[in-house]
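> okay, sequence plus prediction incoming.
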Amino acid sequence: MTTIDTATVSQPFQAEVAELLHLMVHSVYSETDIFLRELISNASDACDKLRYEAIANPDLIADGAPPKIRIMPAKKANTLSVIDSGIGMDRQELIDNLGTIARSGTKSFLSRLNEAKDGAGLIGQFGVGFYSAFMVAERIVVTSRRAGTGEAFVWSSSGGAGFEIAPASEEEAGRIGHGTEIVLHLKPDAAKYLETYEIERIVGAYSDNIQFPIELVPEEGEPRQINSASALWQRSKADLKPEDYAQAYKSIAGAFDEPAMTLHYRAEGRYSYAVLLFAPSTKPFDLFEPARKGKVKLYVRRVFITDDADLLPAYLRFIRGVVDSEDLPLNISREMLQNNPQVVAIRKAISGRVLSELESLAEKDAETFGKIWESFGPVLKEGIYEDFEKRDHLLALARFDTTAGKARTLKQYVADLKENQTEIYYLVGESAERLKSNPKLEAARARGIEVLLLSDPVDAFWTSGSLDFGGKPLKSLSKGDVDFSLVAPLDDKKDEPKADEDKTDEAIVIAAVKLALGERVSDVRASQRLADSPACLVASKSGPDLEIERLLSRQSRGVGAKPVLELNMKHALVKAIGGAQKESHEADVNDLSALLFEQAQILDGEVPDDPAAFAARMNRLVVRGLNA
């Protein structure tokens, strides 16, 4: 054994852990019960890992004793101990697991934790539950021995800047065969957690479905099991109540909200497996992590295998729960999972079942489904461009804000099509409110044509493909030509030309504006989508939509496509260009052309390339108008 292994060593916490501990030690959260749920959950994970590793190495459980968890309150010593006979940790694992947070998004999590009202819920979701024990403990001592090794180590901390780690004494090591003992030296105001009825209440509320026996070992009396220790997903639906599912959801997902949807069934046939899945009612903070990992746990004959089996596609990563197979080998590796045909079949089957359940919920309980869509709609829409096979199902599920109302379906849209309308129109932008004032809506609004207002970042991507619903193609109002001529205006008189109306020579104006703007645009043309505004910018038919080009350009991935400038030939500013061209006022033509282009940029949420030049040009035109 090396010197570093035999000596007591003090180490500082990782910066994020120190900040997290400061929040815990000075906690203002009232729901401190979470600490016990989190310690029990960690102990259960350790027991799961032991059972899994023992498949390949049976000597790890040579004593033959099934894993279990014990809770020992000691009023005289003012300590509460949580002990598991799981896999345990060696010296380096104690340092890595209790001294650092090796997870992306930690900074974001700490910021949310500092601001959130439901801090306890975030703690559980993020998986840093061990540190929540500092809400009730002045000092924590962890003694652990990894299964299959002869050495035990002691980790201790008072929640300050660091921790100490040292080899366990003979007495300390003697208490641990394999597994981990966590001793909490409680704060004076946490004495209630030494009461057996309080411990039983917390275990019953949050940990009853932990699969391993949880024994309460009181100072007086016999040890007794205080949880049911049953795999709820293996039980019959007829034997379960809504509160059983709610409790199982909180235990499996580490959540504090109520499930918005529960899916529980058993598949029999070529492959046999049990499924218990939940849709949360609130949005998990890590929903948009770049890895887009799912949170469905894979079990094989009630033995935990992994929570990283990708049993659902990424666009269903908000679903939580368990899939328990009767057929997969217990020693299946994560690499084998990626290409196992049985896992592929299970993935396909449960993905379809989840979507069917969502469709059923949308029909039977629109309000509850609306809450799911509000939280997870942007994630589900990822599947429209990722999963061609399920695209029609996802389009049918989708809810949209439109010019006709909120939470509209495409089925409702198609049912309300105007006479001679053959396309479903949409507009993509940064916010629905800004889109409502976009000039590209003017001609559609004049004819009462409904337009989808798409403001989620993902909307720019899923609309980039060729899509249709009910035989009606989806058409962007920011791309290509638009022809509303077959749809009658709501006010027929609006488009009738006045007898004395000056006609603009379109060819002269377009040529003049093209010359003035040069390489800033790919084309200039008369617009069919404008009614009141003088100009707007659109994408060419063959290029990417404007919004996706903007998103990609911000990441230096844009294709550099130039926009098309469309002009409302009836507008006074456009007519003024024609007049200035006839009188050879080149400066006026250049200023007016640039002004129309930059106004269109601003209306699309962009900043002109040269704001100073824009301001100077605007000032010149205003002064000319005042002096006219």
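Noted; the coordinates are in hand.
> quick one: residues contacting residue 7.
Counting by CB atoms under 8 Å, 6 or more residues apart in numbering, residue 7 makes contact with residue 166. Yep, even glycine has a C-beta here, placed from its N, CA and C like the rest.
> quick one: pLDDT of it?
Residue 7 carries a pLDDT value of 73.
> from residue 157, how far off is it?
Distance of residue 7 to residue 157, computed by CB to CB, to the nearest Å: 17 Å.
> spatially central residue for this structure, please.
By CA atoms, centre = their mean, the chain has its centre lying nearest to residue 287, at 2.0 Å.
> what's the helix or strand for it?
Per DSSP states H and E: residue 287 is located in neither a helix nor a strand.
> so where's the protein shaky on pLDDT?
For the chain, the stretches with pLDDT under 70 are 1-6, 23-30, 100-128, 334-335, 492-504, 555-559, 628.
> gap between stretch 294-305 and the chain center?
Distance of stretch 294-305 from its chain centroid, counting by CA atoms, centre = their mean, to the nearest Å, is 22 Å.
> and it, how far apart are its ends?
Start-to-end span of stretch 294-305 (CA to CA, to the nearest Å) is 15 Å.
> list the contacts of that stretch.
Identification of contacts with stretch 294-305 by CB under 8 Å, 6+ apart yields 45, 48-49, 51-52, 55, 211, 231, 234, 252-253, 277, 306-307, 309-312, 314, 316-317, 319-326, 328-330, 332, 337.
> among these, name the buried ones.
45, 48-49, 51-52, 211, 231, 252-253, 277, 306, 309-312, 316-317, 319-326, 328, 332, 337 (16 or more other CB atoms under 10 Å).
> which of those fall within helices?
Counting by DSSP state H, the buried ones among the contacts of stretch 294-305 place 45, 48, 49, 51, 52, 252, 253, 337 in helices.
> will you turn the residues you listed into JSON lines that also has distance to residue 62?
Output for these, formatted as JSON lines (distance: CB to CB, whole Å):
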{"residue": "45", "distance to residue 62": "22"}
{"residue": "48", "distance to residue 62": "19"}
{"residue": "49", "distance to residue 62": "17"}
{"residue": "51", "distance to residue 62": "14"}
{"residue": "52", "distance to residue 62": "16"}
{"residue": "252", "distance to residue 62": "31"}
{"residue": "253", "distance to residue 62": "34"}
{"residue": "337", "distance to residue 62": "29"}
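> and these, which is closest to residue 99?
Residue 99 has its nearest neighbour among these in residue 45, at 18.2 Å by CB to CB.
> for that closest one, give its distance to residue 182.
From residue 45 to residue 182 the distance is 13 Å (CB to CB).
> try residue 586
According to CB to CB, residue 586 and residue 182 sit 82 Å apart.
> compare the two (neighbour count), which wins?
Legend: neighbour count by other CB atoms under 10 Å for residue 586 and residue 182, higher for residue 182 (22 against 13).
> list the contacts of the more buried one.
Residue 182 makes contacts with 39, 81, 82, 83, 133, 140, 141, 142, as judged by CB under 8 Å, 6+ apart.
> any idea what it is bridged to?
residue 82, residue 142 (DSSP bridges).
> how far away is it from residue 88?
For residue 182, the distance to residue 88 (CB to CB) stands at 12 Å.
> can I assume residue 264 sits in a helix?
No: under DSSP: H, G, I helix; E, B strand; the rest coil, residue 264 sits outside any helix and is assigned strand.
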